[in-house]
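*Asks:* heads up, no residue letters with this:
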Ligand SMILES: O=c1[nH]cnc2c1ncn2[C@@H]1O[C@H](CO)[C@@H](O)[C@H]1O
Ligand SMILES: [Zn+2]
C-alpha cells in the first residue's frame, strides 16, 4: 500500500458518506429559496395592520382590535371544516382594503413578509371587484396593488433579500364579472399582472359559468388557474381542465378520488388522474388550508404525500397566511415532519412551482438555475464547513 492510499483511507474514515441526509432544520427551511403560486392578498394581512386600518377607517365590524387576539380569532373562525364558513372571514379583511393607500400598504407588507420568509418568487391573487365600495375603479385597484408590490420588492432589496412578485386577478365565481376581470388582467399584462383565477364557494358554482372569460383569455394567449377540486370533487377538476382549459389547478387536491391504491400497494390512476399527471398539470396544493376546510384530516394523511411519490406536478402553497397562521416555511416544516422530506424534496417542490409560474420560460429557467438550485446547493453543502457553513442570507 502506498502512502497516498493510506491518506485516502484516513480521509474516508474521517468523513463518512452520509447514509441518509439529515432532516432539514427550521432555519434551513427558512433560508431555502421558495416559490409560492397560490396566496391570497386579502388572506395574508398582518393582524396588526387589520386592526390599524380598522381604527383609521372607523370600521367597527372586527371582533377585537388587539392584534394577538385578532390573529387567533381569524384562525379559529376559519377552522370551521367548511369552505363557506372559512370564506366568511374575508369580509373583515376586504372591508379595510377599500382605499388606494390601504391596498398599497397591504401589498407592500405582503411582499416584505414573503421575502423575510425566503420566498424568491410569488404570484399573489386578489379579486379587484371586492375593493370598489369606497369608489375606486377596477383599474385604480390594480394600480394601487401593483405599486405596493413594487414598493415591497424595493424594501426587500434594502433588507438584503431578493423577491419577484406577479399579480393574479381573481373573479368571484358566484358573481358575474369574470369577463370584465379577464379583460382587466389582459390590459395589465405588461404592468405586473401575470394571470387570472376564479375563487369563492365551489359547490353550486361550476367553472363553466365563466367560459366566456376563459375563452377570451385563450384567444389572447394569456394564462389562468382555476380553484377546483377543493370543496368539490372530480367533476369540478374535469370541467376546469377539459371545458375551461386551465393552465393550473388551484388546490386540485381531490384528484386523489381518482387514484386507487390496492392492498398490495399497486396504484391505479383513473383517466382524469392519468391525464393530470401525463400533461404535467400543476397542482397548487395548500395543506393547512385543506385541514381547516375539511379537505384533509391531518398532514400525514394529506394526499400530497402520495401525489409526490407518484410524481404529479405538485407544488406547496400557503393559500391564506392570516386565516391559517402559516407561511411557506411552516408549510414545508409540517411536511418535513409528516413525510420525512429532505432538502431534495423541498427543492423538487420548489422547482415544480417555478416551472409552473406564469412568467416567460427564459425567466423561469434562470430562476431555477441561478437562484433556486444554487440556494439549495449552498444549504446541502453546509456540513463541509466549520460551524455548519451557514451563509448569511
Ligand atoms: O381556498 C379558497 N378557496 C376558494 N376561494 C378562496 C379561497 N381562499 C380565498 N378565497 C376567496 O378568494 C377571494 C379573493 O382573494 C377571497 O376574498 C376569498 O373569498
Ligand atoms: Zn385559494
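*Replies:* Okay, I see it. These figures come from a predicted structure and were not determined experimentally. Ligands and ions are numbered 1, 2, ... in the order given.
*Asks:* Okay, strands next: where are they in the stretch 1-150 of the chain?
*Replies:* Taking DSSP state E, counting those that start in this stretch as the criterion, the stretch 1-150 of the chain carries its strands at 34-40, 119-126.
*Asks:* Out of these, which is the most enclosed?
*Replies:* strand 34-40 (a mean of 28; mean count of other C-beta atoms under 10 Å). C-beta here means a position set from N, CA and C on the backbone, and glycine is covered the same way.
*Asks:* Looking at that one now, give me its mean pLDDT.
*Replies:* Strand 34-40 carries an average pLDDT of 99.
*Asks:* Report the angle between the top helix by length along the chain and strand 119-126.
*Replies:* Counting by DSSP state H, the longest helix found in the chain is helix 138-158. For helix 138-158 against strand 119-126, the angle by axes from the mean of the first three to the mean of the last three C-alpha atoms, to 10 degrees is 160 degrees.
*Asks:* Please see if helix 138-158 touches ligand 1.
*Replies:* No: Helix 138-158 lies apart from ligand 1 when judged by C-beta under 6 Å from any ligand atom; the minimum separation is 11.4 Å.
*Asks:* packing partners for the helix or strand just after that helix?
*Replies:* Using DSSP states H and E, the helix or strand that directly follows helix 138-158 along the chain is strand 164-172. Packing partners of strand 164-172 (3 or more C-beta pairs under 8 Å, 6 or more residues apart in numbering; DSSP states H and E): helix 100-116, strand 119-126, helix 138-158, helix 178-187, strand 193-199.
*Asks:* cutoff 7 Å now
*Replies:* Contacts defined by 3 or more C-beta pairs under 7 Å, 6 or more residues apart in numbering; DSSP states H and E place strand 164-172 against strand 119-126, helix 138-158, helix 178-187, strand 193-199.
*Asks:* Next, format the ones you listed as TSV and append mean pLDDT.
*Replies:* Shown next, in TSV, are those (pLDDT from 0 to 100):
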stretch	mean pLDDT
strand 119-126	99
helix 138-158	98
helix 178-187	98
strand 193-199	98
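*Asks:* Tabulate these (JSON lines), appending distance to residue 106.
*Replies:* Below are these laid out as JSON lines (distance: least, C-beta to C-beta, whole Å):
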{"stretch": "strand 119-126", "distance to residue 106": "9"}
{"stretch": "helix 138-158", "distance to residue 106": "7"}
{"stretch": "helix 178-187", "distance to residue 106": "19"}
{"stretch": "strand 193-199", "distance to residue 106": "17"}
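*Asks:* Which of these sits closest to residue 262?
*Replies:* Checking the helices and strands packed on strand 164-172 against residue 262 by C-beta to C-beta gives strand 193-199 as the closest, at 35.8 Å.
*Asks:* immediately after the closest one, which helix or strand?
*Replies:* Per DSSP H and E, the first helix or strand lying C-terminal to strand 193-199 is helix 211-219.
*Asks:* Just the mean pLDDT for the next helix or strand after that next one, thanks.
*Replies:* With elements assigned by DSSP H and E, the helix or strand that comes after helix 211-219 is strand 225-228. Averaging pLDDT along strand 225-228 yields 97.
*Asks:* is strand 225-228 anywhere near ligand 1?
*Replies:* Yes: using C-beta under 6 Å from any ligand atom, strand 225-228 reaches ligand 1 at residue 227.
*Asks:* Can you give me the distance of the closest residue in space to residue 169 that isn't next to it in sequence to ligand 1?
*Replies:* Spatial nearest neighbour of residue 169, excluding adjacent residues (C-beta to C-beta, 6 or more residues apart in numbering): residue 185 at 4.2 Å. Relative to ligand 1, residue 185 is positioned 14 Å away (C-beta to the nearest ligand atom, to the nearest Å).
*Asks:* Residue 185: what's it in contact with?
*Replies:* Applying C-beta atoms under 7 Å, 6 or more residues apart in numbering to residue 185 gives the contacts 169, 193, 195-196, 222.
*Asks:* before we move on, the earlier item: out of the strands of the stretch 1-150 of the chain, nearest to ligand 1?
*Replies:* Proximity to ligand 1 (C-beta to the nearest ligand atom) singles out strand 34-40 among these, at 3.8 Å.
*Asks:* what sits opposite the residue in the stretch 101-250 of the chain positioned nearest to ligand 1 in the beta ladder?
*Replies:* As assessed by C-beta to the nearest ligand atom, ligand 1 sits closest to residue 199 within the stretch 101-250 of the chain, at 3.5 Å. Beta bridges link residue 199 to residue 172 when assigned by DSSP bridges.
*Asks:* From what I see, it and residue 227 are in contact.
*Replies:* Yes: contact status for residue 199 versus residue 227: in contact at 4.7 Å, counting by C-beta atoms under 7 Å.
*Asks:* out of these two, which sits in the more crowded spot?
*Replies:* residue 227 (29 against 24; other C-beta atoms under 10 Å).
*Asks:* so what's that one up against?
*Replies:* 197-199, 202, 250-251.
*Asks:* go on, residue 167?
*Replies:* 124, 145-146, 149, 192-194 are the contacts of residue 167 under C-beta under 7 Å, 6+ apart.
*Asks:* Recalculate using a threshold of 6 Å.
*Replies:* Taking C-beta atoms under 6 Å, 6 or more residues apart in numbering, we find residue 167 in contact with 192-193.
*Asks:* quick one: it from residue 202, how far?
*Replies:* 22 Å (C-beta to C-beta, to the nearest Å).
*Asks:* cool, residue 133 as well?
*Replies:* 25 Å.
*Asks:* Between those two, which has more neighbouring residues?
*Replies:* Taking neighbours as other C-beta under 10 Å, residue 133 and residue 202 compare with residue 202 leading, 25 against 10.
*Asks:* hang on, that one packs against residue 233?
*Replies:* No: Residue 202 lies out of contact with residue 233 (C-beta atoms under 6 Å); the separation is 9.6 Å.
*Asks:* now stretch 109-121: how far from the chain's centre is it?
*Replies:* Centroid separation between stretch 109-121 and its chain, computed with C-alpha atoms, centre = their mean, to the nearest Å, is 12 Å.
*Asks:* can you tell me if it touches ligand 1.
*Replies:* No: Stretch 109-121 lies apart from ligand 1 when judged by C-beta under 6 Å from any ligand atom; the minimum separation is 11.9 Å.
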